[in-house]
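A.B. asks: sequence and predicted structure are below.
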Amino acid sequence: MKILVVGTTGKTGELIWRKAVAEGHDVTIFERFVAQQYKDDPVRKMQGDVLDTAAVTAAILGQDAVLVCLGPVSSHDRVTLTQGARNICQAMQAQGVERVVFISAAGVGESWWLIPWYSKFLFSFFLKTVLQEHAAKVAIFAESGLKWTAVRAAVLTNRPAKGFVLASNIVSSRTIPRGDLAAYLVTEVTSDQNYRRPISVTAG
């Protein structure tokens, strides 16, 4: 499958595109600094900003699916997630690319009731805007008509991957190793089980 991975220079984004390559997919990575950061890696690179409509459109041309690993640039960023989602949706609709899987966060929407009390406390004070933007991003994709899946990730850790995750909208969500999240996202992009709905993932 030809997969565009958007947001690849962070820790999780890098694990995702490398996992997709390892699984045999034809991968293109898109981010502002991919040419420098991955100059020695034999992967197709398209350098650009997700806020640049023309750059996003060029990157999506000819793809079968899109994996979105965008994160906000700060805890008060009200642009990157939502405007990036709009640009991705518009480009996919224009070019007939239907499948998109994107990282969301535990605590968004009804998953608020799946996170522990201390996470509720911290998120309410320090990540309120981030959760609002993730929720808005879900709404944008939900209105697009695309075959979308929002993966609501538990708090990310750098612990070694366990090779198993719990994907459920009824199980308490605490933490998940980045490697396990990456593996789940790559598997999910070829699955039709969670079309047009969010799914929460946590360590198994």
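C.D. replies: The structure has been received and is ready for your questions. Everything numeric in this text was worked out from a predicted model, so none of it was measured.

A.B. asks: tell me the confidence at the residue of the chain positioned farthest from its centre?
C.D. replies: What lies farthest from the middle of the chain is Trp117; by Cα atoms, centre = their mean that is 24.9 Å. With respect to pLDDT, Trp117 has a value of 91.

A.B. asks: how far away is it from Gly10?
C.D. replies: The spacing between Trp117 and Gly10, counted by Cβ to Cβ, to the nearest Å, is 28 Å. To be clear about C-beta, it is placed using only N, CA and C from the backbone, and glycine gets the same treatment.

A.B. asks: now swap in Thr129 and tell me
C.D. replies: Thr129 sits 19 Å away from Gly10 when distances are taken as Cβ to Cβ.

A.B. asks: same question for Leu67.
C.D. replies: To Gly10, Leu67 is 13 Å away according to Cβ to Cβ.

A.B. asks: those two: who's more crowded?
C.D. replies: The neighbour comparison of Leu67 against Gly10 (other Cβ atoms under 10 Å) goes to Leu67, with 29 against 14.

A.B. asks: quick check: phi and psi at the more buried one.
C.D. replies: phi -110, psi 120 (degrees, to the nearest 10).

A.B. asks: which strand residues bridge it?
C.D. replies: Here Leu67 shows beta-bridge partners Val5, Val101, assigned using DSSP bridges.

A.B. asks: I appreciate the help and will end here.
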